[in-house]
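**Q** with the input below, show me the fold.
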Amino acid sequence: MGDSALASIGDKHLYKDEVALAYARQGHLTDSVEFVSNYIERWASETLFYEKAKENVASTAEIDRMVENYRMGLLLKAYQDGLITQQLAPAITDKDVKAFYEKEKGLFELEESYIKGFYIKLPQDAPYVSSVRNRCIRKKTEDLDHLEKLCVEKGYAHQFFIDEWVLFNELVRRTPLTAQQLMTRLQKNKTIEFRDKGYTYFISAFSIMGKGGQKPLEMVSDEVKELLLNSRKAEFIKTVKRSMYEKALEEGRVVLH
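**A** Just a heads-up that it's a prediction; the model follows:
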């Protein structure tokens, strides 16, 4: 047994580096001596069992065939995925995406409500309440930038989701209100202010999409592209294969008898 080997069976060896790596991967959760002992036993048992299997299986031809088929399948999938990524995906245009979206609107119904806007929670006695209120009402770009910077500097709870849709219920969970209470208030006034247990809340809704409505294209564009890819890739691969076959016939690489 070499200096770096912990165990050997014939010409097979279990090395210290392999065991050390396995021990590190499991996060040092067990005693190292116990881990090494158990690892050596499992390695030896599996190796001996494999050697015995080779001795007792008369023919491995079927296994070899299965391994080769599996390998071929992996290669084909890797090549197919590469073709789709390099050739088919770039061929899907924004016009294609929009056309599919318009045609299949029924696939993109909102199952929950979404909102764009911002949320701020600060102590009721904070010296900036009046300034924050005025900036929340104005909502100019410089106001929003100032508010976000202020919240970060003072450690106030906040979330600015002006350019992205977030689940309405995620916002609800950050307030003492129910979903119905918050929705009702925001439908009456796009920017609301209320107090609860020593805190002042400011919430502004730039846009709200109710449950059962239509998901906007910006939200589902990636999903639409994936659907288009799935719908086209079978025909795409069929065309590629046919082209390869015809070219091989012309070049004499495929000979028909």
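
**Q** what's the burial count for residue 105?
**A** For residue 105, the count of nearby residues is 11 (other CB atoms under 10 Å). For glycine as for every other residue, the C-beta is placed from the backbone atoms N, C-alpha and C.

**Q** swap in residue 43?
**A** Applying other CB under 10 Å, I find that residue 43 has 19 neighbouring residues.

**Q** now the strands: where do they sit in the stretch 101-250 of the chain?
**A** Using DSSP state E, counting those that start in this stretch, the strands of the stretch 101-250 of the chain run over residues 114-123, 157-167, 191-196, 199-209.

**Q** using a markdown table, lay out the ones you listed together with mean neighbour count.
**A** Formatted as a markdown table, the strands of the stretch 101-250 of the chain follow (neighbours: other CB atoms under 10 Å):
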| stretch | mean neighbour count |
| --- | --- |
| strand 114-123 | 20 |
| strand 157-167 | 14 |
| strand 191-196 | 15 |
| strand 199-209 | 19 |
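
**Q** give the rounded mean pLDDT of stretch 15-26.
**A** Stretch 15-26 shows a mean pLDDT of 90.

**Q** one more: stretch 242-252?
**A** 94.

**Q** domains for this protein, by residue range?
**A** Taking automatic domain parsing as the criterion, the chain consists of the domains 5-56, 59-109+214-237, 111-209.

**Q** quick revisit: in JSON lines: the strands of the stretch 101-250 of the chain, plus distance to residue 138 and mean pLDDT.
**A** Formatted as JSON lines, the strands of the stretch 101-250 of the chain follow (distance: least, CB to CB, whole Å; pLDDT from 0 to 100):
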{"stretch": "strand 114-123", "distance to residue 138": "13", "mean pLDDT": "96"}
{"stretch": "strand 157-167", "distance to residue 138": "14", "mean pLDDT": "95"}
{"stretch": "strand 191-196", "distance to residue 138": "10", "mean pLDDT": "96"}
{"stretch": "strand 199-209", "distance to residue 138": "11", "mean pLDDT": "96"}
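
**Q** ok, which of those strands comes nearest residue 11?
**A** Ranking the strands of the stretch 101-250 of the chain by proximity to residue 11 (CB to CB) places strand 157-167 first, at 59.4 Å.

**Q** ok, the closest one: who's next to it in the sheet?
**A** Using DSSP bridges, the strands paired with strand 157-167 are strand 114-123 (antiparallel).

**Q** from the chain's centre, how far out does the strand it pairs with sit?
**A** Put simply, strand 114-123 sits 26 Å off its chain's centre (CA atoms, centre = their mean, to the nearest Å).

**Q** picking that back up, deepest of the domains of the chain, which one?
**A** Mean neighbour count (mean count of other CB atoms under 10 Å) peaks for domain 111-209 among the domains of the chain, with a mean of 15.

**Q** what distance separates the start and the end of that domain?
**A** End-to-end distance of domain 111-209: 10 Å, with CA to CA, to the nearest Å as the criterion.

**Q** keeping just the C-alphas, turn stretch 228-243 into PDB.
**A** Extracted as PDB, the C-alpha positions of stretch 228-243 are listed here (Å, rounded to 0.1, in the frame of the first residue of the first chain):
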ATOM      1  CA  LEU A 228     -42.400  28.700 -28.700                       C
ATOM      2  CA  LEU A 229     -39.200  26.700 -28.400                       C
ATOM      3  CA  ASN A 230     -41.000  23.600 -27.300                       C
ATOM      4  CA  SER A 231     -43.600  23.900 -30.000                       C
ATOM      5  CA  ARG A 232     -40.900  24.400 -32.800                       C
ATOM      6  CA  LYS A 233     -38.000  22.200 -31.700                       C
ATOM      7  CA  ALA A 234     -39.400  18.900 -32.900                       C
ATOM      8  CA  GLU A 235     -39.900  20.200 -36.400                       C
ATOM      9  CA  PHE A 236     -36.600  22.000 -36.200                       C
ATOM     10  CA  ILE A 237     -34.600  18.900 -35.300                       C
ATOM     11  CA  LYS A 238     -36.500  16.900 -37.900                       C
ATOM     12  CA  THR A 239     -35.500  19.500 -40.600                       C
ATOM     13  CA  VAL A 240     -31.900  19.400 -39.400                       C
ATOM     14  CA  LYS A 241     -31.800  15.600 -39.600                       C
ATOM     15  CA  ARG A 242     -33.400  15.600 -43.000                       C
ATOM     16  CA  SER A 243     -30.800  18.100 -44.300                       C
END
